[in-house]
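K.L.:
structure for this input, please:
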Amino acid sequence: MPGVGVVVNDAARAREVLMDGEAFRKDGPGSPGDLWTPVLGPSVLLNMEGEAHRALRRRLSELFTPSYSQALCERVLSEPLAGLADRLQRGAIVDLVDTMRLMAGAVISEVIGLDVGTGDDAEREWRRLFEQGERIVSMVSLRTRRLSPSQAEEARSVLDPLGDIAAKAYAAGDESTVMGRMRALGLSGAEARGAAGAFFLTG
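P.N.:
You can find the predicted model right below:
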C-alpha cells in the first residue's frame, strides 16, 4: 500500500514477522518504540526486544491468569451487565457501542486502581476515561511513525495523572489489585507504571 507499507494477510507469515525480533524490531526507527517510548517510558513490552522483553513478558504472564481475569471481569462488569440485561428485557433501545465504552472504562479503572464510586458517577468517569484514551489513539494512523512534541506532551498530560494513581496502588501493595500483584511479581515501580499506561491505551 503506497505510503503505508506491505500488508500481510497470511497468518503463518504474519506470525513469522511478529516473532522476528531482528528484522522487525519494536525498538528501532519507525517502530512502536519510536512512537510510544517518549510517552510511556522504555519498559512496556510493545517497545522492547531481546532478553529484556522476554523477562518482562514472563513476569506479566502470571498477572492475567484465566481465573484472575474471569474474577476481575465478573466483579467489575456485573453491575453494568445487569443494567444492560434489564434494558434489553424491557425492550429498550440499547447503544451497544456506548455500552462497550462503559465496560472498557470500567475494566481499565479497576486495572489502574482508580476508584470511581458507583452508579452515575462511575459511568461518567468510565466515559471520561474512554474519551481520554480516544484522544491519544486518534493521533495515530497507519502512517504515523512518531508523535510530534506537542502530541507527546498532550498524551503525557492524560497518562501522567493515571500513572500517579497506578503508582499509589502499586505502593499500597494490595495483591487483590492488578498493580499490587505487579509489585508481588517483582516488577519495578517504573515497569508497573508503564504497563498501566499500555493497559489504558489498549483498553
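K.L.:
please enumerate residues in contact with the helix or strand bottoming out on mean pLDDT in the chain?
P.N.:
For the chain, the helix or strand with the lowest mean confidence is helix 50-61, at a mean of 78 (criterion: mean pLDDT, DSSP states H and E). Among residues not part of helix 50-61, those counted as contacts by C-beta atoms under 8 Å, 6 or more residues apart in numbering are Gly21, Lys26, Ser43, Leu45, Met48, Leu185, Gly186, Leu187, Glu191, Ala195. C-betas here are computed from N, CA, C, even on glycine.
K.L.:
6 Å instead, please
P.N.:
By C-beta atoms under 6 Å, 6 or more residues apart in numbering, the list of residues contacting helix 50-61 from outside reads Leu45, Leu185, Leu187.
K.L.:
got phi/psi on the first one?
P.N.:
Torsion angles at Leu45 (phi, psi; degrees, to the nearest 10) stand at phi 70, psi -50.
K.L.:
also the second one?
P.N.:
Reported as degrees, to the nearest 10, the phi and psi values for Leu185 are phi -80, psi 0.
K.L.:
next, count neighbours for it.
P.N.:
With neighbours defined by other C-beta atoms under 10 Å, the count for Leu185 comes to 16.
K.L.:
mind checking what helix or strand follows the strand or helix carrying Leu84 in sequence?
P.N.:
With elements taken from DSSP states H and E, the one containing Leu84 is helix 66-89. Heading C-terminal from helix 66-89, the first helix or strand you meet, by DSSP H and E, is helix 96-112.
K.L.:
give me the next element, helix or strand, following that next one.
P.N.:
Past helix 96-112, the next helix or strand by DSSP H and E is helix 119-137.
K.L.:
which other helices and strands does that following helix contact?
P.N.:
helix 96-112, helix 149-172 (3 or more C-beta pairs under 6 Å, 6 or more residues apart in numbering; DSSP states H and E).
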